[in-house]
Every structure is written in structure tokens, then in C-alpha cells.
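[1] Predicted model and sequence below, questions to follow.
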Amino acid sequence: MSQSVFEASRRRTFAIISHPDAGKTTLTEKFLLYAGAVGEAGAVKAREGRRSATSDWMEMEKKRGISISSTALTFDYRGMQFNLLDTPGHRDFSEDTYRVLAAVDSVVMVLDVAKGIEPQTLKLFEVCRSRNLPVITFLNKYDRPGRAPLELLDEIEEQIGLRPTPATWPVGIPGDFRGVIDRTSGEFTRFTRTVRGSAIAPEEVISTEQAAAEEGSAWAQAIDDVDLLDAVGAVVDSESFLSAESTPVFVGSALTNFGVRHVLDTLVDLAPAAGERLDAHESPRSLDAGCSAFVFKVQANMDKSHRDRIAFVRVCSGKFERGMVLTCHRTGKPFATKYASQVFGAERSTVDEAFPGDVVGLVNATDLQIGDSLYVGDPVEFPAIPRFAPEVFASARPLDTGKFKQFRRGLDQLDSEGVVQVLRDPQQGDANPVLAAVGQLQFEVFASRLEIEFNAPSEVTPSPYESIRFTDEESAERLKEIGGIRIMRRGDGRLVALFESRYRLQRLESDEPELVLEPINVGT
Ligand code: G4P
């Protein structure tokens, strides 16, 4: 077995998707604790504190104290190398969050048992679905009152269409958590509380007889549930998990460390290793082929004295060695990887070699764009990273009309980089563009880069639009006659209609079904 194939087989490259507050940070921290990467939980949060104090990172990030830049966290567990890619949430939600999912092989979905599936999880899940990513589900916060677990399983099935297959099943109701039954071994692991879970939880495995005697009606209920799950065939199944039809479900409490090890073990035992990636023509790139990678995120450092650009790539084949010269498929130009780093938060460390599944930050990547493919040896082009349906809109204008040229240059560049999507009025060209994004943060990044890199301070103000649809020339003529609708053109030339009222759009769809009003789905 070649070194690349061996190293790829021990990579687990994944992301955690969740709604803010469901417990993603806590679970990440506990992963590190269980992997022995930190001595004590709390280190991830401590990092966050330090991050805002560092001077060489994005101005805005410092001001807001958020992690626009955190990208990949790497740790070893049971002989595997885990690469956990960050999916920022809260206000820093942006297209980048979605794009990260193009670079992972599986996903851990964290749900709060009191809340179930929340909007942000659903949005991120849509992207997982479009990429057929296997999903492991963690029902978190079972130490607190919440909803009945069977009801949550129904919700998973109904809302996201994955067949839930519980790997562990809880004894006790949320808030009165006694432990879990491992459905493979039948063993009962008792729930133990460590003080805020700062150390690895001792695991107390108890025989079923003892559990039945000690846990009484809670045990009887759990056994009834398990019988029901057995009867409907809800058992963990590797094949349907890997083809993204079923999701193994774990119940636990990240705060008190309960269930964390189960999830890590499942990532080792069940989740896919870094495999051969398909190119744009759907042919697999052999893991043994020359080094190849694609750019899934570009980050411009806005600090004036430190104006670099980092392109984050996922390695797809071969061995990456710092200093090697890769060719960019789009431009045909060579790119020297003299400065390659691993970045998490504001911390960078140099990377000397990397293998399929790894993420490398290429510094000084002035010419690289999101979606670019890089290679040595046989040329390869990986599939384009899809654009996403915008949900927020803004208008932009240069504050200094003498700087219109710079403004235009910035618009083109930032559109092509995918910082925002620029929509132009077919009649007015670059005047009065509408910016479209999935999160407000993208507008802030846009304005800041326009000013700093293009010397074109701009005013970006929220636009009243609520919905966007693809349309065509013929329908556009009719839509123009109706008020509250704006026809614009995307960077790729497609016509879109922007609606100020969602209700209005719905009515129009039913009143005039002949109009072309196509939803923008992931990847269109
Ligand atoms: P996020 O990254 O998904 O946004 O969530 P995060 O881990 O920051 O967790 C959000 C809140 O939920 C935190 O409380 C955290 O301690 C709590 N939490 C996470 N997992 C569990 C769990 O299993 N059980 C219980 N009871 N709580 C959990 P906070 O008060 O916002 O912050 P902190 O003061 O605890 O740090």
C-alpha cells in the first residue's frame, strides 16, 4: 500500500452541523479531551478569548470576537487522524459555512433534545443531502428536560428524510437521564456526571439484570422502546449510512461528556475515510495520482500591514509537500506552495506534508479562487463548488463617486471570489447593484474589502427583498409590469426576480402559473 493510500485510510474529515447553542463548541471541546489533544476541556473557549487579542488577524474579526477564520482542527484518536472543519454559526453564518461541506466526507449533526431540528441545522443539512454526505446524529443535552426521543426520531425522518437508526437508546426521560443501552452489545452504560465534564467521564457498564433491578420503570420503558425499534428494523446499518439514507443516532450530554466516546468510535468504525474524489467528468482521481487539491475557501486578511490571502484547499490525492509547485487548472499557471499552513483560529502552524482528506492553508494565494483545482502530474478539474440560494439582500453604492472605477473592479473581483453574489440591473449595469448572500456577515466582509483592497469606500444598505427566483426574458417582461419586483442578472448571466414580499410571490405563483419562477436550489 502506498503512503498516500495508507494515510488516506486513516483520515476522518468531517464537520459538525448544528443550530447555534445546540452544543457544537462543547462537543468539539470534548472530542479534543477524549482524543487527549487537550488536558482539560475549556481549551477551545480559551482559544476564542485569546483570538480576539491577537493583532495579526482580520480587523472585523477582532472587533466582533468571532471566528471567521477558524478552519480545521486536527487531532488523533485510535490511530486515525481526525480533521474537523469548522462551520461557523450565529452572525458569522455565510456561504463559507456551506462551502466547508464540500470538503468533508461525513457530518455529525448535533440536536438539542429540547428543540429538535432547528432552522440552521435544516439549511446545513440540505447541503449535506445535495452531496450525499453520511450523517451521524447526536441528541445532546439529555441531562436537561426535553422532548421524548421517539418523537425526535420521527422529526428527523419527517423533516430531513433520513431514516434514524439509534445506536444507543436512553434509559430515563430527558432531565432524568439514567444512561444508555448500547443496541449492539445490549450493555447498559450508566450516566455519570463529572463536574462540567472537565475530565473524561468514568464509564460504568452494568449488566442488564442489575440495570433492570436498579432502574425500575425507566428500564422497562427503555426496553419497550428498544423492542419497538427492533420491530421496525431501526438498526444501524453501514451501507445505508454511507449512502446517506440512514443516520446512526446517539443520545448523550456533551457538557457532562456522556456519549462523546460513542460518537468518536463511530467516526472511526463507520464513517468513511478520505476516498477517491470524482472530478468534474465524474471520473475518480486515484489516491496514488500526483498531488491534487481544490480550493473551498479563500480568506483575505484585512489587516493593512499584513495583507495576505489564504486559500484553503482540501487535498484529494497524492502527497502534498510544502514547496511543491502545483498547477492551477483554471489559469494554467504554476503556484508555488512555499508557505503552507494549518490554521485554526488565529493560530497558524506550518505544514510540511499532507495527505488526502487534509486541509492546507496556502498563503499568498493572490491568484486562487474558490473552486480552483490544483495538481501535479495528470491534470484534474474537480467539480465547481455550488453557489447557494441567497436569503439576505443589500444595495451597494460608492461613497465617493470619483472612485467608481475602483468600485467596479471590486464588484467584479468579490463576485468572482464568491464573497457575495452581485446582481446587476440589465439596464443600469454596475450602477445600483444588489448584493445577495446567505448571511449578513458577507456584506460586512464585502464593504471592508472594497475599502481596504480597492480603495473604494461604499455604503451597503439592507434591501427590502424577501425572496429570489430564476426567471426568463419572457416572464421578466410581465414581472416588470407588477410593482415590488426587480429583475436582475447574476454574474453567470442568469436572470433573477427579486420579490419584496414572500406572500406576493406565492400569490403570483398560483395566479399566473405560466410565469417562469424557479426556486434557486443548492448548486443552481
Ligand atoms: P454552540 O457551539 O452549538 O453554539 O453551543 P455551545 O457548545 O456553546 O453550547 C451552548 C450552551 O449549551 C452552553 O451554555 C453549553 O454549556 C450548553 N450545553 C452544551 N451541551 C450541553 C449539555 O449536554 N447539557 C447541558 N445542560 N448544557 C449543555 P452557556 O450557558 O451558553 O455557556 P457556558 O456558560 O456553559 O459556557
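    Yep, that arrived.
[2] Run through the bridge partners of V205.
    For V205, the beta-bridge assignment (DSSP bridges) gives partners T189.
[3] and it, what is it in contact with?
    By Cβ atoms under 8 Å, 6 or more residues apart in numbering, V205 lies in contact with 187-190. For glycine as for every other residue, the C-beta is placed from the backbone atoms N, C-alpha and C.
[4] Quick one, grab the pLDDT at it.
    Looking at V205, its pLDDT stands at 90.
[5] I'd like the average pLDDT over stretch 244-263.
    In this model, stretch 244-263 has a mean pLDDT of 94.
[6] Surely M488 is in contact with Q421?
    No - taking contacts as Cβ atoms under 8 Å, M488 lies outside contact range of Q421: 10.0 Å.
[7] Now for the contacts of V205: which two are most distant?
    Maximum pairwise distance among the contacts of V205 (Cβ to Cβ): 10.3 Å, between E187 and R190.
[8] For stretch 413-427, give me every contacting residue.
    95, 99, 298, 369-371, 385, 387, 390, 411-412, 430-437, 442-443, 445-446, 449-450, 454, 486-491, 495-496, 498.
[9] do that again at 7 Å, thanks
    For stretch 413-427, the external contacting residues (Cβ atoms under 7 Å, 6 or more residues apart in numbering) are 95, 298, 369-370, 387, 390, 411, 430, 432-437, 442-443, 445-446, 449, 487-491, 496.
[10] Measure how far that stretch is from the centre of its chain, please.
    Its chain's C-alpha centre and that of stretch 413-427 lie 23 Å apart, by Cα atoms, centre = their mean, to the nearest Å.
[11] Next: stretch 276-286.
    Its chain's C-alpha centre and that of stretch 276-286 lie 22 Å apart, by Cα atoms, centre = their mean.
[12] How far does that stretch stretch from one end to the other?
    One end of stretch 276-286 sits 6 Å from the other (Cα to Cα, to the nearest Å).
[13] can you list the weak-confidence ranges in the chain?
    Applying pLDDT under 70 to the chain flags residues 38-70, 89-92, 194-198, 301-308, 340-349, 522-524.
[14] Kindly report the domain assignment for the protein.
    3-269, 277-375, 392-511 (automatic domain parsing).
[15] what's the longest helix in the protein?
    Ranked by residue count and defined by DSSP state H, the top helix of the chain is helix 208-231.
[16] give me the element A476 is part of.
    helix 473-481 (DSSP states H and E).
[17] Distance of the closest residue to A476 other than its chain neighbours relative to the ligand?
    Leaving aside its sequence neighbours, A476 sits nearest to I487 (Cβ to Cβ, 6 or more residues apart in numbering; 4.6 Å). Applying Cβ to the nearest ligand atom, to the nearest Å, the value for I487 to the ligand is 39 Å.
[18] quick one: the closest residue to E466 other than its chain neighbours and A293, what's the gap?
    Sequence neighbours aside, R502 is the residue nearest to E466 in space, at 4.6 Å (criterion: Cβ to Cβ, 6+ apart). To A293, R502 is 40 Å away according to Cβ to Cβ, to the nearest Å.
[19] again with M488
    According to Cβ to Cβ, M488 stands 34 Å off from A293.
[20] near the ligand, which residues of the protein?
    Residues of the chain found near the ligand (Cβ under 6 Å from any ligand atom) are 18, 20-26, 89, 140-141, 143-144, 253-255.
[21] Which members of the residues you listed are classed as buried?
    Neighbour counting with 16 or more other Cβ atoms under 10 Å marks 18, 22-26, 89, 140-141, 143, 253-255 as buried within these.
[22] List the contacts of the residue of the chain positioned farthest from its centre.
    Using Cα atoms, centre = their mean, the residue of the chain lying farthest from its centre is A213. It sits 44.2 Å away. Under the criterion of Cβ under 7 Å, 6+ apart, A213 has no neighbours.
[23] run the last query once more with 10 Å
    By Cβ atoms under 10 Å, 6 or more residues apart in numbering, A213 lies in contact with 206-207, 219.
[24] go on, A293?
    The neighbours of A293, taking Cβ under 10 Å, 6+ apart as the test, are 103, 277, 311-318, 320, 326, 337, 354, 356, 358-360, 362, 372-376, 380, 382.
[25] Take these and keep only those in strands.
    The members of the contacts of A293 that map onto strands under DSSP state E are 277, 311-317, 320, 326, 354, 359-360, 362, 373-375.
[26] Count the residues that sit near S2.
    The local packing of S2 (other Cβ atoms under 10 Å) involves 12 other residues.
[27] Pull the contacting residues for it.
    8, 286-288, 318-319.
[28] same deal with Q506?
    By Cβ under 10 Å, 6+ apart, the contact list for Q506 reads 467, 499.
[29] Checking it next. Helix, strand or coil?
    Three-state call for Q506 (DSSP: H, G, I helix; E, B strand; the rest coil): helix.
[30] how much space is there between it and the ligand?
    33 Å.
[31] quick one on the thing from earlier: of E187 and R190, which one has the most company?
    A direct count of neighbours by other Cβ under 10 Å for E187 and R190 places R190 higher, at 19 against 16.
[32] my read: the more buried one touches A218, true?
    No - with contact defined as Cβ atoms under 10 Å, R190 does not reach A218; the gap is 11.7 Å.
[33] For those two, list the residues in contact with both.
    Contacts common to R190 and A218, judged by Cβ under 10 Å, 6+ apart, are 171, 177-179, 211.
[34] right, and out of those, which lies closest to the ligand?
    The ligand has its nearest neighbour among the shared contacts of R190 and A218 in F177, at 9.6 Å by Cβ to the nearest ligand atom.
[35] Now for L278: which residues touch it?
    Contacts for L278 (Cβ under 10 Å, 6+ apart) come out as 284-285, 316, 382-383.
[36] What of L495?
    423, 426, 469-473, 475-476, 479, 487-489, 516 are the contacts of L495 under Cβ under 10 Å, 6+ apart.
[37] got it, and L229?
    The contact partners of L229, by Cβ under 10 Å, 6+ apart, come to 150, 153, 164-166, 169, 183, 235, 249.
[38] Mind doing that once more with 7 Å?
    Each residue near L229 by Cβ under 7 Å, 6+ apart is listed here: 166, 169.
[39] Skip the chain neighbours and tell me the closest residue to R178.
    With Cβ to Cβ, 6+ apart as the criterion, R178 has its nearest non-adjacent residue at 3.8 Å, and that residue is G172.
[40] what's the burial count for that neighbour?
    Neighbour count for G172, taken as other Cβ under 10 Å: 19.
[41] Please enumerate the strands of the stretch 1-150 of the chain.
    For the stretch 1-150 of the chain, applying DSSP state E, counting those that start in this stretch gives strands covering 11-18, 72-77, 80-85, 106-112, 135-140.
[42] Output the ones you listed in JSON lines, with distance to V268 appended to each entry.
    Below are the strands of the stretch 1-150 of the chain laid out as JSON lines (distance: least, Cβ to Cβ, whole Å):
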{"stretch": "strand 11-18", "distance to V268": "7"}
{"stretch": "strand 72-77", "distance to V268": "7"}
{"stretch": "strand 80-85", "distance to V268": "5"}
{"stretch": "strand 106-112", "distance to V268": "11"}
{"stretch": "strand 135-140", "distance to V268": "11"}
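[43] Tell me which of those is the most buried.
    Comparing the strands of the stretch 1-150 of the chain by mean neighbour count (mean count of other Cβ atoms under 10 Å), strand 135-140 comes out on top with a mean of 26.
[44] by contact count, what packs against it?
    When contacts are defined as 3 or more Cβ pairs under 7 Å, 6 or more residues apart in numbering; DSSP states H and E, strand 135-140 packs onto strand 106-112, helix 149-160, strand 246-251, helix 260-269.
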